[in-house]
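Undergrad: Structure, please.
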Amino acid sequence: MADDQQLWGYPEVAAHLGISVRAARSRKSRGSLPAPDDTTVPDRPRWRPSTFQDWKPVGRGFRSDLHGSSSRGNTPSG
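TA: The predicted model follows:
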């Protein structure tokens, strides 16, 4: 990894996601964050900002499972 590549720790990840550092750590431990790009320092994972560019947090945003095509269609019954 290039030394000039910026890496984010928990504070930067938390700020980017709009959550607390504690919540970021919790999400990491539950596997709800992308895999860290750098794990060379024990207990201090770091991520490239680009890792979060297309990543969507679990449980946020558009629920595609609720809006898929179905045999019922979108017409109200009754």
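Undergrad: Quickly list what Trp8 is bridged to.
TA: Trp47 (DSSP bridges).
Undergrad: and the gap between it and Gly31?
TA: For Trp8, the distance to Gly31 equals 18 Å [CB to CB, to the nearest Å]. Yep, even glycine has a C-beta here, placed from its N, CA and C like the rest.
Undergrad: Compare the two and say which one has the larger neighbour count.
TA: Trp8 (21 against 9; other CB atoms under 10 Å).
Undergrad: How much space separates the more buried one from Asp37?
TA: From Trp8 to Asp37 the distance is 9 Å (CB to CB).
Undergrad: which parts of stretch 15-24 are buried?
TA: Buried residues in stretch 15-24, defined by neighbour count with 16 or more other CB atoms under 10 Å: Leu17, Ala24.
Undergrad: ends of it, how far apart?
TA: 9 Å (CA to CA, to the nearest Å).
Undergrad: From the rest of the structure, what touches that stretch?
TA: Residues from elsewhere that reach stretch 15-24 (CB atoms under 8 Å, 6 or more residues apart in numbering): Trp8, Tyr10, Pro11, Val13, Ala14, Arg27, Leu33, Pro49, Phe52, Pro57.
Undergrad: that older thread, now for Trp8 and Asp37: what residues contact both?
TA: With CB under 8 Å, 6+ apart as the test, Trp8 and Asp37 both reach Arg46, Trp47, Arg48.
Undergrad: Who wins on neighbours among those?
TA: Per-residue neighbour counts (other CB under 10 Å) across those peak at Trp47, which has 22 neighbours.
Undergrad: wait, it sits on Pro11?
TA: No: taking contacts as CB atoms under 8 Å, Trp47 lies outside contact range of Pro11: 11.7 Å.
Undergrad: Just to check, Thr39 is in contact with Pro45?
TA: Yes: judged on CB under 8 Å, Thr39 makes contact with Pro45 at a distance of 5.5 Å.
Undergrad: Compare the two (neighbour count), which wins?
TA: Of the pair Thr39 and Pro45, Pro45 is the one with more neighbours under other CB under 10 Å, namely 20 against 11.
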